[in-house]
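>>> Fold the stuff below for me.
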Amino acid sequence: MPDRFARTFSGALASFALVAVGLLAGGCGSSSSTGSSSSTASTAALTKVQFLAQGNAICTGGNKKLAVAEKALEKEKGTEAQLKAFIDGPFASEVQRQITAIRALGAPSGEQATVTHMFDIAQTDLDKVKANPKVLESKVSPFHDFSALAHAYGLTACAEET
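Got it, this is the predicted structure:
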């Protein structure tokens, strides 16, 4: 199980990072939606090119941090308890950091609905992983649907699937 776990976990981890980025960009939450409309009026929205460049950079940095934590987990042979601790600790923490950073970017003008939908899916996927880390052992990434949307949109560094 540890070898299968390590291979499956690596792909799922990359996908999870994409989910995090998506959540950030979507600006999930009713209070942030209300607050962002007033701040959007005074601040010019990023172009899609700028949004993608900055979002992908956030994901790339987050993926590097998660890779370090993942290697430590693999050295310990990845028991179920360690997987749960990893998901609840460094994984969820880093993904949340990415979500917060991307959300702060704001969706490009005219792209709010697309970005929100994409990140609603990402949030659902993340919630599933947090509730049951064993879904990462599946042959299909729990972030597959989000990854497909995000990659088509241009956020290719966020949910890399291997």
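
>>> what's the weakest-modelled helix or strand in the protein?
helix 30-42 (a mean of 39; mean pLDDT, DSSP states H and E).

>>> And the next helix or strand past that helix?
helix 48-75 (DSSP states H and E).

>>> residues of that next one that come out buried?
For helix 48-75, the neighbour count (16 or more other C-beta atoms under 10 Å) marks 48, 51-52, 54-56, 58-59, 61-63, 65-66, 69-70, 73-74 as buried. Heads up, the C-betas are built off the backbone N, CA and C, glycines and all.

>>> Quick one: end-to-end distance for stretch 135-143.
10 Å (C-alpha to C-alpha, to the nearest Å).

>>> In it, which residues are buried?
Buried, per 16+ other C-beta under 10 Å, within stretch 135-143: 135, 136, 137, 141, 142, 143.

>>> For the fourth one, which three-state class applies?
Per DSSP: H, G, I helix; E, B strand; the rest coil, the secondary structure class of residue 141 is coil.

>>> give me phi/psi at it?
Reported as degrees, to the nearest 10, the phi and psi values for residue 141 are phi -60, psi 140.

>>> Same question for the one 3 residues further on.
Comment: the main-chain dihedrals of residue 144 come out as phi -60, psi -50, following degrees, to the nearest 10.

>>> Tell me the pLDDT of it.
You'll see residue 144 listed with a pLDDT of 89.

>>> burial count for it?
16 (other C-beta atoms under 10 Å).

>>> That one and residue 69, how far apart?
22 Å (C-beta to C-beta, to the nearest Å).

>>> Repeat that for residue 145.
25 Å.

>>> can you check residue 160 too?
16 Å.

>>> next one: residue 153
27 Å.

>>> got it, and residue 123?
Where residue 69 is concerned, residue 123 sits at a distance of 21 Å (C-beta to C-beta).

>>> and the residue nearest to residue 58 when sequence neighbours are not counted, what pLDDT?
In space, residue 58 comes closest to residue 101 once its chain neighbours are excluded; the distance is 4.9 Å by C-beta to C-beta, 6 or more residues apart in numbering. As predicted, residue 101 sits at a pLDDT of 84.

>>> Check the burial of residue 101 by counting its neighbours.
20.

>>> where does it fall, phi/psi-wise?
The phi/psi pair for residue 101 (degrees, to the nearest 10) is phi -70, psi -40.
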